[in-house]
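**Q** After the sequence you'll find the predicted model.
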Amino acid sequence: MAVLSEALAKAQPCPAHYPVPRAVVGAEAWKQAAQGFAEGRMTLLGLWGERDAAHMAVRDTEEGSIAVLSLLCPNGRFPSVGAVHPPAVRLERTMRDLYGLIADGAKDTRPWLDHGKWPHSRAEARAPYDFLPAEGENLHHIVVGPVHAGIIEPGNFRFTAGGETIVRLEERLGYVHKGIEGLMAGADLKRGAQLAGRTSGDSTVAYAFAFARAAEAALGCEVPPRAVWLRALMAELERLANHFGDIGAICNDAAFALMHAHTGVLRELVLRTCDAAFGHRLMRDSIVPGGVAHDLDDRGVAAIRALLAEARRRFPPLVKLYDDTASLQDRTVGTGRLSLELAQQYGAGGFVGRASGRNFDARRDLVYAPYDQLHFTVPIRNDGDVNARVWIRIHEVEQSLGLIEQILDRLPAGPITVPLPIGSDACEGLALVEGFRGDVLVWLHLNREGTIARCHLRDPSWFQWPLLEAAIEGNIVADFPLCNKSFNCSYSGHDL
Amino acid sequence: MRKHIFQGMIHAPLTEAAPAPDDAALAELAQAVERTARRRLGRSLAIREVDAGSCNGCELEIHALNNAFYDLERFGLRFVASPRHADVLLVTGPLTQNMCEALERTYRATPDPKWVVAAGDCAIDGGLFAGSPACVPGSIGAAVPVDLYIRGCPPRPIDLLKGLLALLEAQA
């Protein structure tokens, strides 16, 4: 029997958690689950806290099944998962910062999101941050951020280099922590959806999609087919815009501005089409619990079809340009290599995982409507370098163009929203949606009156940021922007 | 690559006509410029962008200003890598407590005369994040003097452009 089914069989199931089971386990089973991650039999999808409980979302690697395991912590302590499974370390530090839960046995107990600046900051957080030591002859430090040279989000990077070669990168994040999960508590679903859509602006559709699905799962609400298809249409347009923008931006970080100029045009064309079709360039607040906020009219359909034709005309010559420019590939091939072992251990989603051979896509492996009725392939590469991540995104652009065409061809007619059946009992829902960056997880606990008791949002970046530290090792300092952009982790999505 | 470069020479540029500067912004700025050391900067402004807690939506649209359609640099407006080189700080986000000191230090590192443009609804009053203990009450204006606000969630590139052009007009 697979390890997750075994754990669930022995645990106490929680009613009203949809669509996957949630069960309360004891400390022993919790530790066994941690061991399951360490042995690679399960993947950690999320780890979060409440005042008196710790939760983990788990995927059984063998069966592919998903569940949430909860441990009651009346004394505010739980056995550390991070002690045996490093991907949990930053999540546990965050649980301590935000909910005061202490991970027993954790090796790294430094504050993470708490920089000692909040009214309720912990005393330890007010002390200067204790960066990891790096010792050796002729090593020097380069400290960058939080205000960077480019137009990007704030974060602090501490490089230790021997000459030009990076021997250690340590990230310090949390600068854009807005307290989103705190604001969620007590909010109604409308405000909750708006907050979710502002967790990471580049993934506003993916977050709103995941939030809506979690809410609908909890309430047992079926969304009209047209809304389901429109959501996927928006999700693919968002993916397209981000991939176009980033493919050029990666090349730009290798000083190849020509590509950036051309893909910038493509990105702008996508955003203008979204504006014409859905009334907002980033499609913010376009997905709401119960359906979608804007219907697509004939002019919108025509605009999207015109975009497809334009993208199919403009993009292939750019791919050829990338493929033919040896001086560019000289920078991207072999740079920032990430191993399959690490990608699997961290459950790295999106192009970061897929470029290193981790064959996972939530649209296919945790299938949700309407992707069960659409044809697409999930591109995989094994080389794990900047070049591989560029190519995965190129292939994903091609897949998204195909998906958008299928959706337009088969878009069902009918209503676009349904009233939410609020006012029953307290209920909980979990949803994962494949954003452009990887799988976004939303866990939602609703009170009886339909307000939010607790909402946890887990960005794919949680499991990608630490891998950037690994991938950069042994590369030269000048290649950091290139590697960083090829990962393109979200600061805001991570910092919450 | 040659093909791409030749095509760039024979095709008309995608760059669109400049919008008129925002009237409301011009009025708002007239007052701000009065109290600033008036000095001609040759119709050129160097902008340092500071993300003080945004969701990154504003950054995406600020980035778009550099694409071929908006081509910000034709107006003499350009983004620079350091506050030491900047005339304008373009600040986004609800000002998180964790970014407050960095913003203040960036402001102090910017030489006079300088202007602060706060872009996006969050930068005005915290927006949707107002009231969070993790954000500074009063947002950007609570930490640094703001000369111009540009609304939107996020502001469209054209609105950002109108605001920045108004800044150019007002100080010329």
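**A** Good, I have the coordinates.
**Q** how deep is residue 78 tucked in, by neighbour count?
**A** Picked chain A for this. For A:Phe78, the neighbour count with other C-beta atoms under 10 Å in any protein chain shown is 26. C-beta coordinates here come from the backbone N, C-alpha and C atoms, glycine included.
**Q** meant chain B, my bad for not saying
**A** Neighbourhood size, B:Arg78 [other C-beta under 10 Å]: 13.
**Q** Pretty sure it sits against B:Asp71.
**A** No - B:Arg78 is beyond contact range of B:Asp71, at 11.0 Å (criterion: C-beta atoms under 8 Å).
**Q** those strands in chain B, which residues are they?
**A** Listed in chain order, the strands of chain B (DSSP state E) span B:45-51, B:77-79, B:88-92, B:115-119, B:148-150.
**Q** How about the residue in chain B that chain A sits nearest to: what's its closest non-neighbour residue?
**A** Proximity of chain B to chain A (C-beta to the nearest C-beta) peaks at B:Gly57, 2.8 Å away. Spatial nearest neighbour of B:Gly57, excluding adjacent residues (C-beta to C-beta, 6 or more residues apart in numbering or on different chains): A:Gly201 at 2.8 Å.
**Q** which residues sit in contact with the one you found?
**A** Residues near A:Gly201 by C-beta atoms under 8 Å, 6 or more residues apart in numbering or on different chains: A:Leu282, A:Arg284, A:Ser492, B:Ser54, B:Cys55, B:Asn56, B:Gly57, B:Cys58, B:Glu59, B:Leu60, B:Pro154.
**Q** what number of residues lie near the third one?
**A** Counted with other C-beta under 10 Å, residues neighbouring A:Ser492 total 30.
**Q** Tell me which residues are up against the helix or strand where it lies.
**A** Assigned by DSSP states H and E, A:Ser492 belongs to helix A:491-495. By C-beta under 8 Å, 6+ apart, the surrounding residues in contact with helix A:491-495 are A:113, A:152-155, A:173-178, A:199-201, A:203, A:437, A:440, A:457, A:459-462, A:465, B:53-56, B:98.
**Q** still on that earlier bit, pLDDT and distance to A:Glu341 added to the contacts of A:Gly201, as TSV?
**A** Formatted as TSV, these follow (pLDDT from 0 to 100; distance: C-beta to C-beta, whole Å):
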residue	pLDDT	distance to A:Glu341
A:Leu282	97	36
A:Arg284	96	38
A:Ser492	96	29
B:Ser54	96	35
B:Cys55	96	33
B:Asn56	96	30
B:Gly57	96	35
B:Cys58	96	38
B:Glu59	96	33
B:Leu60	96	34
B:Pro154	96	39
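**Q** Most neighbours among those residues, which one is it?
**A** Most neighbours among the contacts of A:Gly201, by other C-beta under 10 Å: B:Cys55, with 37 neighbours.
**Q** quick one: contacts for that residue?
**A** By C-beta under 8 Å, 6+ apart, the contact set of B:Cys55 is A:Arg198, A:Thr199, A:Ser200, A:Gly201, A:Thr204, A:Ser492, B:Gly93, B:Cys122.
**Q** The residues you listed in helices, which ones?
**A** A:Thr204, A:Ser492, B:Cys122 (DSSP state H).
**Q** Pull the distance from the longest helix along chain B to the chain's centre.
**A** Scanning chain B for the helix with the most residues, using DSSP H, yields helix B:157-171. Centre-to-centre, helix B:157-171 and its host chain are 9 Å apart (C-alpha atoms, centre = their mean, to the nearest Å).
**Q** And stretch A:75-84, by the same measure?
**A** Worked out by C-alpha atoms, centre = their mean, stretch A:75-84 lies 24 Å from the chain centre.
**Q** What is the end-to-end distance of that stretch?
**A** Stretch A:75-84 has an end-to-end distance of 22 Å (C-alpha to C-alpha, to the nearest Å).
**Q** can you give me the strands for the stretch 351-496 of chain A?
**A** Along the stretch 351-496 of chain A, counting by DSSP state E, counting those that start in this stretch, strands occupy A:427-434, A:439-446, A:452-458.
**Q** Look up how far A:Glu268 lies from the residue nearest the centre of chain B.
**A** For chain B, the residue nearest the mean C-alpha position is B:Leu90 (3.5 Å; C-alpha atoms, centre = their mean). Separation of B:Leu90 from A:Glu268 (C-beta to C-beta, to the nearest Å) stands at 19 Å.
**Q** Report pLDDT for the residue nearest to the centre of chain B.
**A** We have a pLDDT of 96 for B:Leu90.
**Q** List the residue ranges of chain B that fall below the pLDDT cut-off.
**A** Per-residue confidence for chain B (pLDDT under 70) gives these ranges: B:26-43, B:171-172.
**Q** now with 80?
**A** For chain B, the stretches with pLDDT under 80 are B:21-43, B:169-172.
**Q** residue ranges of the helices in chain B, please?
**A** Under DSSP H, chain B gives helices at B:2-10, B:23-34, B:57-64, B:97-109, B:121-125, B:157-171.
**Q** Report pLDDT for the residue in the stretch 151-300 of chain A that chain B sits nearest to.
**A** Going by C-beta to the nearest C-beta, chain B is nearest to A:Gly201 of the stretch 151-300 of chain A, at 2.8 Å. At A:Gly201, the model reports a pLDDT of 96.
**Q** Could you do A:Ile476 as well?
**A** A:Ile476 carries a pLDDT score of 94 in this model.
**Q** same check, this time on A:Arg226
**A** Per-residue confidence (pLDDT) for A:Arg226: 97.
**Q** next one: the one 4 residues further on
**A** If you check A:Leu230, the pLDDT there is 97.
**Q** That one: helix or strand, and which one exactly?
**A** A:Leu230 belongs to helix A:225-253, assigned by DSSP H and E.
**Q** now the angle from that helix to helix B:57-64?
**A** Orientation note: helix A:225-253 sits at an angle of 60 degrees relative to helix B:57-64 (axes from the mean of the first three to the mean of the last three C-alpha atoms, to 10 degrees).
**Q** now the helix or strand following helix A:225-253, how far from the chain's geometric center?
**A** Next helix or strand after helix A:225-253 toward the C-terminus (DSSP H and E): helix A:257-278. Here helix A:257-278 shows a centroid-to-chain-centroid distance of 23 Å under the convention C-alpha atoms, centre = their mean.
**Q** Tell me which other helices or strands helix A:257-278 touches.
**A** Packing partners of helix A:257-278 (3 or more C-beta pairs under 8 Å, 6 or more residues apart in numbering or on different chains; DSSP states H and E): helix A:225-253, helix A:298-324, helix B:2-10, helix B:57-64.
**Q** deepest of the strands of the stretch 351-496 of chain A, which one?
**A** Counting by mean count of other C-beta atoms under 10 Å in any protein chain shown, strand A:439-446 has the highest mean neighbour count of the strands of the stretch 351-496 of chain A, with a mean of 27.
**Q** anything in that one near chain B?
**A** No - remark: strand A:439-446 sits outside contact range of chain B, by C-beta under 8 Å from any C-beta of the partner chain, the gap being at least 13.6 Å.
**Q** Off-centre distance for that strand?
**A** How far strand A:439-446 lies from its chain's middle: 12 Å, per C-alpha atoms, centre = their mean.
**Q** so what strands line up beside it?
**A** Here strand A:439-446 has these sheet partners by DSSP bridges: strand A:427-434 (antiparallel), strand A:452-458 (antiparallel).
**Q** Present the ones you listed as JSON lines; the columns should include mean pLDDT.
**A** Shown next, in JSON lines, are the strands paired with strand A:439-446 (pLDDT from 0 to 100):
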{"stretch": "strand A:427-434", "mean pLDDT": "96"}
{"stretch": "strand A:452-458", "mean pLDDT": "96"}
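**Q** Give me whichever of the strands of chain B is most buried.
**A** strand B:88-92 (a mean of 28).
**Q** before we move on, back to that, reformat the helices and strands packed on helix A:257-278 as a markdown table; add distance to A:Arg22.
**A** As requested, the helices and strands packed on helix A:257-278 are arranged in a markdown table below (distance: least, C-beta to C-beta, whole Å):
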| stretch | distance to A:Arg22 |
| --- | --- |
| helix A:225-253 | 25 |
| helix A:298-324 | 39 |
| helix B:2-10 | 54 |
| helix B:57-64 | 32 |
